[in-house]
Every structure is written in structure tokens, then in C-alpha cells.
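Engineer: Would you be able to build a 3D model of this:
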Amino acid sequence: MIIAGEASGDMYGARLVEEAHRLDSSVRFFGIGGQAMRAAGVETLVDSKEMAVMGLVEVVAHFGVIYRAFRLMESLLKRQKPDLLILIDYPGFNLRLAAKAKKAGVKVLYFITPQVWAWHASRAKKIARLVDHAAVILPFEVPIFENEGLATTFVGHPLLDMAVPSMSRGEAQQQFGLAAGRRTIGLFPGSRRREINALLPVMLESAALLRERFDDLQFILPLAHGLDRGIVDACLSASDVDVTVIEGRNYDVIQVCDLIIATSGTVTMEIALFGVPMVIVYKMAPLTYAIGRRLVQVEHAGICNIIADERVVPELIQHEAEPASIFAEVERMLTDGALYAGVRDKLLGVRAKLGEPGAPGRVAALALKLMAEKE
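Structural biologist: Numbering: from 1, shown residues only. Have a look, this model is predicted:
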């Protein structure tokens with residue numbers, strides 16, 4: 001059984017499954033996932049698109065869907081007794097399911113463990129009680145779990161294998177209809193409906209201000225897999241900024257960008273791997289934000305800043321994520337060549353800290369080893 005409750009987990013899960021099938025074609029996967037995992041051969045009994053919500057208020061609004069999915073997975077753990085349960089991120093759901101797996105006598109491999117170093121440090125003890133092995137993607141996570149007695153393997157970051165464009169920068173510019181002599185600003189508003197509605201209008205207002213200030217800019221937006229284009233088009237129709245929309249080509253889009261305005265999340269790490277300077281923005285429900293401020297134990301929101309242990313790229317969260325502020329940060333990087341080059345170099349330094357490519361294969365081998373030990 002494999003559980004991925006959001007788009008990034010679906011992406012990582014698909015690669016893991018592909019590698020597992022390469023090593024042993026007889027392994028069968030079922031559980032929760034999205035389009036990518038289905039294409040890799042997973043029997044997805046619940047679509048992760050229905051589960052992808054963030055924040056207390058948002059989870060409450062989707063409680064019925066999430067609860068039904070949980071009860072289904074719980075019943076399957078008891079009835080089918082899978083040889084292994086693989087959990088990918090999505091801690092609120094997955095830690096509860098790990099507890100059910102423990103009671104059912106099913107081994108648990110946790111890939112991309114909860115960020116206990118950011119908040120809920122006490123979760124490390126809980127994870128050690130419920131999980132048989134942790135496959136972590138950041139090197140500093142190893143001692144956190146090993147100190148609690150949990151077998152832990154640093155597998156490297158899966159994005160090192162996946163963040164690869166399908167064509168050259170020049171070919172992408174030509175295919176996307178971009179002018180080679182103009183600078184390209186990417187607008188990355190996220191993969192969730194709520195994120196689009198909250199952040200894309202703000203990004204478009206920022207783009208309008210930038211267009212007035214600079215006459216050599218063009219704008220591009222990658223449409224997330226599985227997202228209804230109508231949500232994006234509704235925002236674009238209310239703006240007079242010309243934006244090129246590209247479906248399903250994130251890495252090709254990232255490589256043509258000179259700078260990106262990005263929603264906080266996995267995509268900021270993808271952008272960092274390309275060394276493209278960015279401004280990170282995010283807005284959430286006021287109650288979620290108020291609670292989060294009390295719980296979060298790190299200084300930065302962007303994972304690239306956390307790994308670098310400094311504010312490499314600007315972060316504009318909640319009330320700071322407004323057009324004038326975004327404009328000011330983008331303008332600063334577009335007009336200061338030394339600053340721009342310094343940000344780019346530090347982002348490439350973040351990439352160097354993430355280990356070597358091959359994470360999905362290492363996790364797949366670990367999964368097969370755990371199943372063999374069970375037998």
C-alpha cells in the first residue's frame with residue numbers, strides 16, 4: 001500500500017513505483033495517488049487531488065472526503081494485510097494510518113518524513129514508535145530520527161532526478177513563443193484551487209507594475225497537472241497582463257525564466273535546483289496563519305532558505321504578499337546584477353547539499369528489502 005496525498009507526493013511516488021517495478025515486476029501497488037502514480041501502475045482507490053489541502057481551516061472544510069479515505073485505507077490494511085505500507089509526506093493523515101498499520105502488524109516505510117525540525121519536534125518520538133524505517137531527503141534529518149532509535153537512511157532528494165528539462169532553453173523559448181531578447185518572469189501560483197484564487201490575482205497585479213517599470217519583460221505561467229484551466233483563465237481575463245500559459249512542462253518553463261514569483265511549496269525547491277532567483281509568496285486562512293506562527297520553529301518558510309540557513313530569496317507571507325512588495329523585491333533583483341548573481345550562486349549551493357541523484361531507486365530497493373525481511 002502506498003499513500004501520497006498531494007501533487008508532489010504523487011510525483012515522487014510514481015518514480016518510486018517505476019524503480020520498484022524495474023527491480024521486481026511482480027510487486028503490486030495500491031492506495032492513494034494521482035495521475036502520475038496511476039500511469040506508473042498504482043491502483044489508486046482515492047485520488048490525491050481530492051486530498052490536497054493545507055491548513056487547519058482548509059482540512060476542516062474537506063474533512064468528509066479525508067475521513068472516508070482514511071476509513072477505506074484502514075479497512076484495507078486489516079483485510080489485505082499488505083507486505084509494506086509506504087507513506088509519502090502528508091503527515092496529518094499518514095501518521096494516523098501508521099498507527100493503524102502498527103496494530104495490524106504491517107511494516108511501515110516513511111519516505112519524506114514530517115518536518116519535525118520545523119514544528120512539532122515531539123513528533124520524532126511518535127514517528128519512531130510507529131514507523132519501521134525512515135527514508136529522509138535532507139542530510140540533517142538523519143540524527144533527529146536516529147537519536148529516537150528509528151532506522152533512518154538519507155536517500156537524497158528525488159527532485160535531483162526529476163528536475164530535468166526536455167529541451168534546451170532556446171528550443172523552449174521558440175516552442176513557447178517567447179522573444180529571446182526579452183527577460184522572462186515566471187508566475188507560479190501553485191497547484192491548488194485555493195492557492196490560485198488567493199495568489200494569482202496578486203501576482204498579476206505585481207506583473208502589471210513590473211510591465212510599467214520595465215519594457216523588456218514577458219510573462220509565463222505553467223499550469224499544474226490536473227488543475228482546471230478555467231480557474232486560471234478566470235483570473236487572467238480580469239487582468240490586462242499578457243501571460244503565456246503552458247500546460248504540464250514545469251521544468252522547461254523554469255529554465256526559460258530569468259526570475260520567478262512562486263507560491264511557497266515544492267516548486268520553490270525545483271526552482272532552486274535550476275538556480276533561478278525567485279520571490280516566494282503565500283497566503284493562508286487567518287486562523288491557520290495565527291496557529292502556524294505559534295508552532296513553527298524555523299526562521300524561513302522556503303525550503304531553499306532553510307537548507308541554506310539564510311534568507312537567500314525573499315519571502316512575502318500573508319499580509320506581506322501584496323503587489324507593491326512583490327514588485328519591490330523583483331525590481332531589486334532585476335536592477336542589481338551583483339545581487340542577482342549572488343542569489344543564483346547560493347541557490348546552486350543549495351543543490352550541492354542535497355546528495356546525489358538516484359533517490360527513487362534507493363527507496364525502491366529499501367522497500368523491497370523490508371518486504372523480503374518480512375517474508
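Engineer: From here on, just use CA atoms for contacts and neighbour counts.
Structural biologist: Fine.
Engineer: And the helices in the stretch 151-300 of the chain, which stretches?
Structural biologist: With DSSP state H, counting those that start in this stretch as the criterion, the stretch 151-300 of the chain has helices at 159-162, 169-176, 193-213, 229-237, 250-256, 266-273, 286-295.
Engineer: Dump those to CSV, plus distance to A365, mean neighbour count and mean pLDDT.
Structural biologist: Conversion of the helices of the stretch 151-300 of the chain to CSV gives the following (distance: least, CA to CA, whole Å; neighbours: other CA atoms under 10 Å; pLDDT from 0 to 100):
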stretch, distance to A365, mean neighbour count, mean pLDDT
helix 159-162, 16, 18, 91
helix 169-176, 34, 15, 96
helix 193-213, 36, 19, 93
helix 229-237, 38, 14, 91
helix 250-256, 27, 23, 96
helix 266-273, 24, 22, 91
helix 286-295, 35, 12, 52
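Engineer: These: which one's closest to V350?
Structural biologist: helix 266-273 (7.3 Å; CA to CA).
Engineer: those strands in the stretch 1-150 of the chain, which residues are they?
Structural biologist: Listed in chain order, the strands of the stretch 1-150 of the chain (DSSP state E, counting those that start in this stretch) span 2-4, 30-33, 43-47, 85-88, 108-111, 133-136.
Engineer: for the second one, packing partners?
Structural biologist: Meaning strand 30-33. Under the contact criterion of 3 or more CA pairs under 8 Å, 6 or more residues apart in numbering; DSSP states H and E, the helices and strands touching strand 30-33 comprise strand 2-4, helix 7-23, strand 43-47.
Engineer: So in that sheet, which strands flank that strand, and in what orientation?
Structural biologist: Taking DSSP bridges as the criterion, strand 30-33 forms sheet pairs with strand 2-4 (parallel), strand 43-47 (parallel).
Engineer: didn't V350 look like it was pressed against E270?
Structural biologist: No - V350 sits out of contact with E270 when judged by CA atoms under 8 Å, with a separation of 11.1 Å.
Engineer: Would you tell me which one of the strands of the stretch 1-150 of the chain is buried the most?
Structural biologist: Between those, strand 2-4 has the highest mean count of neighbours, a mean of 28, where neighbours are mean count of other CA atoms under 10 Å.
Engineer: Looking at it now, give me its mean pLDDT.
Structural biologist: Taken as a whole, strand 2-4 carries a mean pLDDT of 97.
Engineer: Just checking the distance from it to the centre of its chain.
Structural biologist: Centre-to-centre, strand 2-4 and its host chain are 15 Å apart (CA atoms, centre = their mean, to the nearest Å).
Engineer: Same question for stretch 269-283.
Structural biologist: The gap between the average C-alpha position of stretch 269-283 and the chain average comes to 12 Å, counting by CA atoms, centre = their mean.
Engineer: Same check on stretch 186-199?
Structural biologist: Using CA atoms, centre = their mean, the offset of stretch 186-199 from its chain centre is 13 Å.
Engineer: and the gap between V131 and I3?
Structural biologist: If you measure V131 against I3 using CA to CA, to the nearest Å, the figure is 14 Å.
Engineer: And A272, by the same measure?
Structural biologist: Where I3 is concerned, A272 sits at a distance of 27 Å (CA to CA).
Engineer: what's the answer for L178, then?
Structural biologist: Counting by CA to CA, the gap between L178 and I3 amounts to 39 Å.
Engineer: now do I231
Structural biologist: Between I231 and I3 the computed distance is 27 Å (CA to CA).
Engineer: just A101 next, same as before
Structural biologist: Counting by CA to CA, the separation of A101 from I3 is 12 Å.
Engineer: Spit out the residues that contact those two alike.
Structural biologist: Each of L85 lies in contact with both A101 and I3 under the rule CA atoms under 8 Å, 6 or more residues apart in numbering.
Engineer: Many thanks, we can stop here.
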